[in-house]
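>>> Sequence and predicted structure are below.
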Amino acid sequence: MTIRFDDRVAVVTGAGQGLGRCHALLLARRGAKVVVNDVGVAVDGAGNDAAPAEAVVEEIRAGGGEAVASFESVAERDAATAIVQRAVEAFGKVDILINNAGILRDASFHEMTFADFEEVLRVHLLGSFYVTRAAFPIMRDNGYGRIVMTSSAAGLYGNQGQANYAAAKLGLVGMMNALAVEGRQSNVLVNTISPVADTRMGAGVFPDYFKELVRPELVTAAVAYLCSEQCTSSGDVITAAAGYFARAEIVESAGVAFPPGSEVTPEMIAERYGEITDLAEARPQRSAMHAFKKIFTKVRRASAAPAVR
């Protein structure tokens, strides 16, 4: 099996450097027409430079591929819509969207400013929403689409000094979960990558001897699969680092259901807290309705059980 993207049109945000650049180059090498979007800002979001996006476009064209540049910010509604419109004007449609653009403004929570919290959410979370909101109806109407969100271990598991970044990155997983349900009937599949790679945003994190192991290209292999026709999964979070790939999942324990109508006190919760939080039989809940059905089933069973004292 060879994965190709011939006749597919891809939009990659934050594609001027790092992971986004690798994503755009690989898709183009495998036949996709690519909109290379990048504002050309510093890691903290300051500045503006067209050179990174233009350089990636030239690299794609030099290799015989097709690409156009986009310099609009994902963090502004009209500008984000213009990114998708650029794809439609240049290539007639959009089949693939990789939401990769991001910034960092790290600080301990008690020192984090409102502006730093809000701006990081604006780029990562709202920016991904704005671009996806423009692309999703086109994909739905065409009966085909592949969308990849970019999360992070900071969002999935937490990290010191990154409350803004972590909130945005886990928010993207929530948006993916909803879109995976909404999009499947139209063959619009939505997945998430949680990468670890040696990029500008990871500067200073990795020792020199480790950088070769966390090349961005290794992450791109998984992203390209998630963007392909061969991918039939939706709602997956794939972690990717140094050639290691795994699926991360939000799970729910088997839980404890007290009989309906019985009084539930804090002491009862305390007494059975170990059972409530025991993950030995934890299972993923693939949608809110799936989770609700589990609750109702547990409650019905508890109604026939003797009261717990």
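It's in. Numbering: from 1, shown residues only.

>>> quick one: contacts for the nearest residue to residue 13 once chain neighbours are set aside?
Nearest residue to residue 13, sequence neighbours excluded (C-beta to C-beta, 6 or more residues apart in numbering): residue 101, at 3.9 Å. C-beta here means a position set from N, CA and C on the backbone, and glycine is covered the same way. Shown in contact with residue 101 (C-beta atoms under 8 Å, 6 or more residues apart in numbering): 13-14, 20, 37-39, 74, 123-124, 127.

>>> Next, residue 101: secondary structure please.
coil (DSSP: H, G, I helix; E, B strand; the rest coil).

>>> Same check on the one 5 residues further on?
Assigned with three-state DSSP, residue 106 falls in the coil class.

>>> same question, residue 298
helix.

>>> and it, how far is that from residue 260?
With distances taken as C-beta to C-beta, to the nearest Å, residue 298 is found 11 Å from residue 260.

>>> Over to residue 269?
16 Å.

>>> Kindly report the same for residue 212.
Distance, residue 212 to residue 260, using C-beta to C-beta: 59 Å.

>>> Residue 68 now?
The gap separating residue 68 from residue 260 is 60 Å, by C-beta to C-beta.

>>> Let's see the longest strand along the chain as CSV, backbone CA atoms only.
Criterion DSSP state E: the longest strand present in the chain is strand 188-196. Taking C-alpha atoms only, strand 188-196 is exported to CSV below (Å, rounded to 0.1, in the frame of the first residue of the first chain):
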residue,chain,number,x,y,z
VAL,A,188,-15.3,14.0,7.4
LEU,A,189,-12.9,12.4,9.9
VAL,A,190,-11.3,14.4,12.7
ASN,A,191,-8.3,13.2,14.7
THR,A,192,-5.6,14.7,16.9
ILE,A,193,-1.8,14.4,17.0
SER,A,194,0.0,15.0,20.3
PRO,A,195,3.6,15.4,19.1
VAL,A,196,7.0,15.6,20.7
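
>>> by contact count, what packs against that strand?
The contact analysis (3 or more C-beta pairs under 8 Å, 6 or more residues apart in numbering; DSSP states H and E) places strand 188-196 against helix 127-142, strand 145-150, helix 153-157, helix 163-183, helix 216-226, strand 237-241.

>>> Quickly run through the sheet partners of that strand, with directions.
With DSSP bridges as the test, strand 188-196 is paired with strand 145-150 (parallel), strand 237-241 (parallel).

>>> most tightly surrounded among these?
With neighbours defined as mean count of other C-beta atoms under 10 Å, these peak in mean count at strand 145-150, which reaches a mean of 26.

>>> Figure out how far that strand is from the centre of its chain.
Taking C-alpha atoms, centre = their mean, to the nearest Å, one finds strand 145-150 lying 7 Å from the centre of the chain it belongs to.

>>> And the contacts of it?
19, 94-100, 102, 128, 132, 135-136, 138-139, 169, 172-173, 175-176, 179, 183, 186-195, 223, 226-228, 231.

>>> And stretch 130-143, by the same measure?
11, 13, 74-77, 80-81, 83-85, 88, 93-95, 97, 99, 145, 147, 175, 179, 183, 186-188.

>>> what bits of the chain have low per-residue confidence?
199-211, 296, 299, 304-309 (pLDDT under 70).

>>> ranges for the strands of the stretch 1-150 of the chain?
9-13, 33-37, 66-70, 96-98, 145-150 (DSSP state E, counting those that start in this stretch).
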